[in-house]
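> here are the coordinates; sequence isn't available:
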């Protein structure tokens, strides 16, 4: 799948790492104390990384907004099946992701 439509380079790199299951590349893009929210609920970033990276991926990207930091598309999870989801990234002045919100999209 082509991630070029994700216009923010940090978000694009994160989606690309997720797509190929590269945990090292994925983790390197995030602040050490990143905040993660899954459907609005706080969640451990480390647990999410272990469970998602290498096991979940976008199968299509249908919408990109908020200067390339908001991505909506069809998603596949080995555990949960197929559904629409969103990822919303916040980038710190350091250039690393300081917050990630994920959840089911309507």
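Cool, the structure landed. Owing to the predicted nature of the structure, the values given are computational and were not obtained by experimental measurement.
> quick check: bridge partners of the nearest residue to residue 63 once chain neighbours are set aside?
What sits nearest to residue 63 in space, not counting adjacent residues and going by Cβ to Cβ, 6 or more residues apart in numbering, is residue 72, at 4.3 Å. All C-beta spots, glycine's among them, are computed from the backbone N, C-alpha and C. According to DSSP bridges, the residues that bridge with residue 72 are residue 63, residue 86.
> now do the contacts for residue 72.
Neighbouring residues of residue 72 by Cβ atoms under 8 Å, 6 or more residues apart in numbering: 61-65, 84-86, 105.
> closest to residue 93 out of these?
Nearest to residue 93 among those is residue 65, at 21.7 Å by Cβ to Cβ.
> ok, that closest one - how many residues close by?
Neighbour count of residue 65, defined by other Cβ atoms under 10 Å: 12.
> can you check the one 10 residues further on too?
By the measure other Cβ under 10 Å, the count of residues near residue 75 is 24.
> element containing it, please.
Applying DSSP states H and E as the criterion places residue 75 in strand 70-77.
> quick one: pLDDT of the closest residue to residue 101 other than its chain neighbours?
Computed as Cβ to Cβ, 6+ apart, the closest residue to residue 101 that is not its neighbour in sequence is residue 88, at 4.2 Å. pLDDT, residue 88: 98.
> now do whichever strand or helix holds residue 88: everything it contacts.
Under DSSP H and E, the secondary-structure element containing residue 88 is strand 81-91. If you take Cβ under 8 Å, 6+ apart as the criterion, strand 81-91 is touched by 8, 10-11, 14-15, 58-59, 62, 66, 69-77, 97-106.
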